[in-house]
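> Provided below for reference: sequence and predicted model.
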Amino acid sequence: MSEKSRNIASALFPLGLLMIAMISIQSGASLAKSLFPVVGAQGTTTLRLVFASLILVAVLRPWRANLTAKSLRTIVIYGIALGCMNLLFYMSLQTVPLGIAVALEFTGPLAVALLSSRKPIDFLWVTLAVIGLLLLIPLGTSAAAIDLLGAGYALGAGVCWAAYIVFGHKAGADNGVQTAALGVVIAALFIGPIGVIHAGSALLDISLIPAALGVAILSTALPYSLEMIALTRMSARTFGTLASLEPVFAALSGLVFLHESLSLTQWLAIGAIIFASIGATLGSANSKPQLVPAD
């Protein structure tokens, strides 16, 4: 293999890993919806977090982390934000198509990117994002209208995603990747009672284990591992720009696995939010990667 070919392969390798990670995340979200009729969004969130915490604890061994009172407080907030983000996102999927839910949720990291920049051109990205939101949540009772409660859940998940990013960076600076395992454990402990109250003994149905384990692997364990590898081989700005394409993967996953077709207006709205996210990421001088085991 020539030097040029090796350079091309070296550049494409992390891109491929990130694409696979995003496909995995959205496939996991599609699989999660199959559990809703049995245990609801609350029970599904609980199962995902419990299995994901078991996997990440076994792989990352978080007991080796050096925790202080300050770092533990940050990790607790990070874990609660992670748990609420997952719960609200799944609640939105009960009434909102996957692609639209992810686009609405993406306003969280978009806001973080915009607040970290504050350049004049950012008004353009804000305008694009607002246009996208207005197209996704049209006023009135038109045929294009989506469930407002579901949209509210997705936007709430976006707020939690923003908190997840901010506190995740603070916690990660002290304990690295072990922060993820600790955060997921805290999320499981925080959301678990909600799932138990809602789903009760249905959570103990062993027939749910394959699907629940699949959701945990596809939505958390696999993409997190792939992203960690990709992040060592690309800049944070490149990572953030490519991660902005996640709503497209979500919409395609919803179309293929859930048969959720979107209107032209909804595709344009998703496109507006994607371009706003890419613009905000490229315009942020201190752009940091937005880890995507979020959904």
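Alright, I've got the coordinates. The structure presented is a predicted model; accordingly, all values stated were derived computationally and were not measured.
> just how off-centre is the helix-or-strand element of the chain with minimal mean pLDDT within its chain?
Sorting the helices and strands of the chain by mean pLDDT, DSSP states H and E puts helix 236-243 at the bottom, at a mean of 70. Counting by CA atoms, centre = their mean, to the nearest Å, helix 236-243 is centred 14 Å from the centre of its parent chain.
> Can you name the element that comes right after it?
helix 246-258 (DSSP states H and E).
> Only the buried residues of that next one, if you could.
By 16 or more other CB atoms under 10 Å, the buried positions in helix 246-258 come out as 246-251, 253-255, 257-258. The way it works is simple: take the backbone N, C-alpha and C, and place the C-beta from them, glycine included.
> Run through the neighbouring helices and strands of it.
Under the contact definition 3 or more CB pairs under 8 Å, 6 or more residues apart in numbering; DSSP states H and E, helix 246-258 sits against helix 3-33, helix 98-105, helix 264-283.
> Low-confidence ranges, this protein, go.
For the chain, the stretches flagged by pLDDT under 70 are 1-5, 7, 9, 116-118, 138-145, 173-175, 228, 231-232, 235-237, 283-295.
> Try it again at 50.
In the predicted model of the chain, residues 140-143 satisfy pLDDT under 50.
> just the helices in the stretch 101-250 of the chain please.
107-115, 122-136, 148-175, 178-199, 209-216, 222-231, 236-243, 246-258 (DSSP state H, counting those that start in this stretch).
> among those helices, which is nearest Leu17?
Closest of these to Leu17 is helix 222-231, at 4.4 Å (criterion: CB to CB).
> what packs against that closest one?
helix 3-33, helix 236-243.
> What angle do helix 178-199 and it make with each other?
Here the directions of helix 222-231 and helix 178-199 differ by 160 degrees (axes from the mean of the first three to the mean of the last three CA atoms, to 10 degrees).
> Counting neighbours, show which residues of helix 222-231 come out buried.
Of the residues in helix 222-231, those buried (16+ other CB under 10 Å) are 222-227, 230-231.
> what does stretch 87-98 give?
Buried residues in stretch 87-98 (16+ other CB under 10 Å): 87-93, 96-98.
> Contacts only, for Val126.
114, 276 (CB atoms under 8 Å, 6 or more residues apart in numbering).
> Please determine how far it is located from Gly271.
16 Å (CB to CB, to the nearest Å).
> next one: Thr45
29 Å.
> out of these two, which sits in the more crowded spot?
Thr45 (30 against 16; other CB atoms under 10 Å).
> Helix, strand, or coil at the more buried one?
What DSSP: H, G, I helix; E, B strand; the rest coil gives for Thr45 is helix.
> That one - nearest residue in space that isn't next to it in sequence?
The shortest distance from Thr45 to any non-neighbouring residue, by CB to CB, 6 or more residues apart in numbering, is to Leu87 (4.6 Å).
> pretty sure that neighbour contacts Gly43?
No: at 10.5 Å, Leu87 does not count as touching Gly43 under the criterion of CB atoms under 8 Å.
> sorry, back to before: among the helices of the stretch 101-250 of the chain, which is the most enclosed?
helix 107-115 (a mean of 23; mean count of other CB atoms under 10 Å).
> Give me whichever of the helices and strands packed on helix 246-258 is most buried.
Greatest burial across the helices and strands packed on helix 246-258, using mean count of other CB under 10 Å, falls to helix 98-105, with a mean of 30.
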